[in-house]
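Novice: Just the structure for this:
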Amino acid sequence: MYIFLFIVLTMVFGYILLWVHPLFAALLAFIIVVGFLLRGLYLLNEIKNKLSNIDTKK
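Specialist: Residues are numbered from 1 along each chain as shown. Below you'll find the predicted structure:
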């Protein structure tokens with residue numbers, strides 16, 4: 001159910017981005033992409049730390 005909500009919200013957000021000023025839309029889209037990339041790096045760092053803790057316990 002959450003995936004359906006996410007898809008609908010993304011469609012609405014994309015539609016809104018089509019109607020705002022192009023510079024503002026590009027800036028907002030860039031901020032969102034950078035936020036996703038930073039969140040992904042943070043999660044990869046957490047996975048690396050957990051795996052290294054498991055490896056040192058052996």
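Novice: So what's the gap between stretch 11-23 and the chain middle?
Specialist: Distance of stretch 11-23 from its chain centroid, counting by C-alpha atoms, centre = their mean, to the nearest Å, is 18 Å.
Novice: what mean pLDDT would you report for that stretch?
Specialist: The average pLDDT within stretch 11-23 is 89.
Novice: what packs against the host helix or strand of Leu28?
Specialist: Secondary structure assigned from DSSP states H and E places Leu28 in helix 22-57. Helix 22-57 is packed against helix 2-19, with contacts defined by 3 or more C-beta pairs under 8 Å, 6 or more residues apart in numbering; DSSP states H and E. No exception for glycine: its C-beta is placed from N, CA and C like everyone else's.
Novice: What are the contacting residues of the helix it packs on?
Specialist: Ala25, Leu28, Ala29 (C-beta atoms under 8 Å, 6 or more residues apart in numbering).
Novice: if I look at the closest residue to the first one other than its chain neighbours, how far off is Ala26?
Specialist: Same thing as Ala25. With sequence-adjacent residues excluded and distances taken as C-beta to C-beta, 6 or more residues apart in numbering, Ala25 is closest to Leu17, at 4.4 Å. Leu17 sits 9 Å away from Ala26, going by C-beta to C-beta, to the nearest Å.
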